[in-house]
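Here is my input, please return the structure:
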Amino acid sequence: MSAFNREPSLNKGSFSPTGRVASPPRVARAASTEETPSRAVLHRELSAQKITGAGGSAHTFSEEEKQAFSEHINFCLSSEPLMARHLPLNPDSMDLFEKCNDGLLMCKLINLAVPDAIDDRALNTNATMNVYQKTENQNLALNAAKAIGCQVINIGAQDLIEGRPILILGLVWQIIKIQLLSQITLVNFPELVLLLEEGETMQDLMRLHPELILLRWLNYHLRKGGSPRVAKNFGSDLADSEIYSVVLNRLDARACPLVNATDPMQRANQAISNARNLGVNVFIKPKDICDGNKKLNISLVAQLFNTCHGLTLEEEQRAAFDLSALTLDDAGDSREERIFRMWINSLNIDGVYIHNLFTDLQDGYNLLKVEDAVEPGCVNWKRVNVEPKSRFKQVENANYAVDIGKSFKFSLINVAGLDIVDQNKKLILAIIWQLMRKYTLQVLQNLARYEGIKEITEDHIITWANAKVASTGRRSTMQSFRDQSLKTSMFLLELVSAIEPRAIDWSVVTAANTKELQMLNAKYAISSAMKIGACVFITPEDIIEVKSKMLLTFLASLWMCDLARTF
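Got it, this is the predicted structure:
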């Protein structure tokens, strides 16, 4: 399945459709006053780099993380032809930030995390690029980052071009984290049912974020190894390397002997050596373990799990669990679940990151937060049960969410809160689609009011698209979002070209007379849209299957992009 799914972002940060701040109160984020490296004074202070701007403001970033991420990128992208002039990065220099300048490194890192998230044909690859070409690549990187689940807050193309260390490190960490953790789910690893605790169901395990699953995994092997230790965090609990020692020995006793050194640094070095014996490309340093660096420890534990999880599910154990409930029956529904999940994550709602659409919305609380983000102030938070444990409280929340949906005039006939708590997948997908549609049209309405349009309808979007393409002298048209001619992507490519003529290289566009060629055009259309600044949520399959809902959001995002260029 392809990895494309986006949401409109007209500038840095998220865009509220009404311009109001939603409830509940958000955690305040300090505005970035960081100066660009070219105008900054850099000096090393302990294990951090300090950047002092011209205005006297000081910001630090982790030297260890910069080195570790640089080494990881060197290893993973060393065989990528487009990276020949960028790699290897010198971990001890500012290479990581300086070589993000043209956008190619970030795009390739994203494709490493989620293959095919970006169509290489949409990239500008010249050895020397102008600012426009760099900006296109950076737009593509930022929109694709949102598409794979990164929360991109207050970062714009210019920040990446200027190589702002704190912003780049934050984004790179999110991408690497997705690369290492996104597959750690019960769907991909049914053996994780062995981590269930007494009284829990598979649904309880599916609600756990990957970091919590990894902690359980460590503790499972600690128990099996006869250790009294318990891993409660990825920091201080791992600092003495004892947990690493026991777990690695459990995974392969011959290749990973128990750590016997007394010096903390030597113990950490032995643990890292054992991990390498398992075939892990370790980019954490002994000092990072001793210092309890949480990010780098999470990375190492995830690498260990992905390389050799050491969980064996016997046939009789497998028969005791209904593993068929883990997957969606319909491939289209599976794509929608992922798209809607990434759309919610792109809204940057404080305290909300959706790993599984159905389990993470089950208690109604996160669904209410999404509704409040779409229509700020619609939720009376005094009525809401925070972290509801009982089924009764969960149903109360879910009923309230359904009532709010009905107040939005959503189609929710015979839908009740119980359907959400019971994870009725079709109904949950229907609710989220209507929220996504409402949000998209509200953002578009906010921009289109300058054109004198009082209320945006689907017909307005079709009329705009046809007029935009016609303005270039082309004769292609679309009749509706179900128009079968859209499966070739020709009209979509012409529309992108009408917004920005330089965006499309027509020599790579196919005749689209087979399904395979249609897929190529669809991928190129999506990446080209992102390149000009549209953050769209759609997969190539949605285009060639002419999924009207997704095509509506795609065209609406392109119109937003076009309108934003006039401001």
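
Please count neighbours and contacts with C-alpha atoms only from this point.
Fine.

same for the helix or strand harbouring Val370, what does it pack against?
Taking DSSP states H and E as the definition, Val370 sits inside helix 365-374. On a contact count with 3 or more C-alpha pairs under 8 Å, 6 or more residues apart in numbering; DSSP states H and E, helix 365-374 meets helix 391-407, helix 425-448.

Return the distance of it from the chain's centre.
19 Å (C-alpha atoms, centre = their mean, to the nearest Å).

Of the helices and strands packed on helix 365-374, which shows the lowest average pLDDT?
Lowest mean pLDDT within the helices and strands packed on helix 365-374: helix 425-448, a mean of 93.

in it, what's buried?
425, 427-429, 431-448 (16 or more other C-alpha atoms under 10 Å).

Mind checking the helices and strands packed on helix 365-374 for the one nearest to Thr128?
helix 425-448 (35.3 Å; C-alpha to C-alpha).

Which residue ranges of the stretch 51-200 of the chain form helices?
With DSSP state H, counting those that start in this stretch, the ranges of helices along the stretch 51-200 of the chain come out as 63-77, 95-98, 104-113, 131-147, 157-162, 165-181.

quick one: the first one to helix 165-181, angle?
Read it as helix 63-77. 50 degrees (axes from the mean of the first three to the mean of the last three C-alpha atoms, to 10 degrees).

For Gln151, which of the helices and strands packed on helix 365-374 is the nearest?
Taking these one by one with C-alpha to C-alpha, helix 425-448 is closest: 17.1 Å.

what about stretch 232-239, average pLDDT?
97.

re earlier: how many degrees apart are the helix holding Val370 and helix 425-448 in direction?
Using the same axes, to 10 degrees: helix 365-374 against helix 425-448 is 20 degrees.

Could you count how many residues lie near Arg502?
When neighbours are defined as other C-alpha atoms under 10 Å, Arg502 has 11 of them.

Helix or strand with the lowest mean pLDDT in the chain?
strand 41-45 (a mean of 35; mean pLDDT, DSSP states H and E).

Return the most buried member of the helices of the stretch 51-200 of the chain.
Sort these by mean neighbour count, taking mean count of other C-alpha atoms under 10 Å, and helix 131-147 sits at the top with a mean of 26.

now what about it, what contacts it?
3-7, 9, 101-104, 106-107, 110, 117-118, 123-124, 151-152, 156-158, 160-161, 175, 342-343, 345-346, 527-528, 530-537 (C-alpha atoms under 8 Å, 6 or more residues apart in numbering).

try 7 Å this time
The contact list for helix 131-147 (C-alpha atoms under 7 Å, 6 or more residues apart in numbering) reads 4-6, 102-104, 106-107, 110, 117-118, 123-124, 152, 157, 160, 342, 346, 527, 530-533, 535.

And stretch 69-89, by the same measure?
Contacts of stretch 69-89 (C-alpha under 7 Å, 6+ apart): Pro91, Asp95, Leu96, Lys99, Leu105, Phe283.

ok now that stretch, how far from the chain's centre?
Centroid separation for stretch 69-89 versus its chain: 22 Å, with C-alpha atoms, centre = their mean.

swap in stretch 103-115?
12 Å.

how about low-confidence regions in the chain?
1-59, 322-333, 567 (pLDDT under 70).
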